[in-house]
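>>> Pasting the sequence and the predicted coordinates here, then a few questions.
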Amino acid sequence: MVQARSEAFGPSHFSTLRLKDILISKGQFQDAIDRGRQVVHDCIRELGHEHSSCQAAKRSLAKALVLVGETSEALQITEEFVRGQENAATEQSPSPRLVDDFSFLGMLYFQAGDRANALGCYQKIQKWISLDKGNATYAANSVNNFAAGLAGRGHAVEAKRIFEALLEECSKVLGPDSEEASLAMGNLSHAFSQLGEWDKVESLGRQVVEIRRRVLGPSHPNTITALGNLRAAMLARGNITEAVELAKNEVQCVKNAVHATDESTVSALLTISTGFESARAFEEAISFLEEVTSLRDAGGDTPQFGNLSAFLLQAICHLRLSRIGVARNMIFHLLVGFLSPFKENLNDFLPGLLRLLELCREHELGLEAEQVLVGAALLSGQGSVVKETKEKVKVEVSRYLRERGSGSAELEFNPFSINGSSSKPEK
């Protein structure tokens, strides 16, 4: 009888669960929640509250509710299925799922302002780490996720205390060189960055890099992530010279990685260049961007990922340095690139294009500003662009038309009107 009910539940309702995930991925949260409630109702009727499929449906519904800010209902649902699991579990051997659920429950308590119960969840997981080394790995990861969530919501002081305790416990139970300990150390460094304690950020960052180089190797993805975090800390402290040397090492590590490609190298160079540009180290940013250009020039005339982002960032940096002629040339080649198949991530690219627009206005480059704006408007019409960015572009177009007293029909994309004689970017 139970088997028959389970079989009857299976195909159609699991398809509904999968459909709910698809709806969430498309941002159709209310439809996803409606379908999630339907599955929970059917699970309870056919299988009972304690069945694992019912708990999975409740878990999925709770996470969908969080996405639309329905924290109270999500908390009520999560409390119910977590407490049910807790009663069935042994103190010494909780399942990984229970550990994750306690972490999620703790985050919901924090969002609801119930700090006492939130910390109670954390302390429960912390206890599981110390009781059993077999539990320690997934329990430590859960605490890391829990505290990282706090830091992400602005509770840096609370997160710092949790990471400090977690680091001590992981070092004792799993060893100071364990990945769990280095993850806690890296997250503790991030919490200190939110508190503006940059000396501690850099000190911890150096330790994480050292451990990961020794344990994982210099080109492991986690080591490369640690190098990037340390570079950002150095830039925040104004340590530009050492940050440049570290960034060069970071690029070499990316190139030496097991599955290295030109695209992964270009992506790393663009991330590094963006960091230096944000720190107002414009010359250093340009030097890394020129490496992107060199890599892409070797690929011939076929449009490739990174070309236009490199031109964009170089144009911004040269305008910041008041090198108007070089910047105009970069803008020309950037805009001509819009006429080829577009290879960049639009949601990363368009905000930078709007920054370039503002700099063109500051330097009274009216023609360049107009063409950058029209190019942004054309790109923002693509379906992959998020709504917020589309709205920002619309505001800029309206502002331009209002200032000009003209209609949108008068706007034409013609990058050759800027510099039709150029054929190669200036170096």
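Looks like it arrived, so ask away.
>>> Neighbours of residue 241, how many?
11 (other Cβ atoms under 10 Å). Every C-beta, even on glycine, is put in place using the N, C-alpha and C of the backbone.
>>> and it, what helix or strand is that in?
Under the criterion of DSSP states H and E, residue 241 resides in helix 240-256.
>>> and that helix, what other elements does it pack with?
helix 221-236, helix 262-278, helix 282-297 (3 or more Cβ pairs under 8 Å, 6 or more residues apart in numbering; DSSP states H and E).
>>> One more pass at 10 Å, please.
Judged by 3 or more Cβ pairs under 10 Å, 6 or more residues apart in numbering; DSSP states H and E, the packing partners of helix 240-256 are helix 198-215, helix 221-236, helix 262-278, helix 282-297.
>>> how does the protein divide into domains?
Domain ranges of the chain: 1-88, 93-195, 282-427, per automatic domain parsing.
>>> ok so, going back, would you single out the least confident of the helices and strands packed on helix 240-256?
Of all the helices and strands packed on helix 240-256, mean pLDDT reaches its minimum on helix 282-297 (a mean of 89).
>>> Residue 291 contacts residue 252, correct?
No - Residue 291 is beyond contact range of residue 252, at 11.5 Å (criterion: Cβ atoms under 10 Å).
>>> higher neighbour count, the two?
Higher neighbour count among residue 291 and residue 252: residue 291, with 17 against 13, using other Cβ under 10 Å.
>>> any idea how far the more buried one lies from residue 317?
According to Cβ to Cβ, to the nearest Å, residue 291 stands 14 Å off from residue 317.
>>> Quick check: which ranges of the stretch 301-427 of the chain have low pLDDT?
301-303, 406-410, 419-427 (pLDDT under 70).
>>> quick one: the helices in it?
307-320, 324-336, 346-362, 366-380, 387-404, 416-419 (DSSP state H, counting those that start in this stretch).
>>> Can I get those helices in CSV including mean neighbour count and distance to residue 238?
Shown next, in CSV, are those (neighbours: other Cβ atoms under 10 Å; distance: least, Cβ to Cβ, whole Å):
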stretch, mean neighbour count, distance to residue 238
helix 307-320, 24, 17
helix 324-336, 22, 25
helix 346-362, 18, 22
helix 366-380, 21, 31
helix 387-404, 14, 31
helix 416-419, 16, 36
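>>> so can I have a markdown table of those helices showing distance to residue 279?
Below are the helices of the stretch 301-427 of the chain laid out as a markdown table (distance: least, Cβ to Cβ, whole Å):
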| stretch | distance to residue 279 |
| --- | --- |
| helix 307-320 | 12 |
| helix 324-336 | 20 |
| helix 346-362 | 15 |
| helix 366-380 | 24 |
| helix 387-404 | 24 |
| helix 416-419 | 29 |
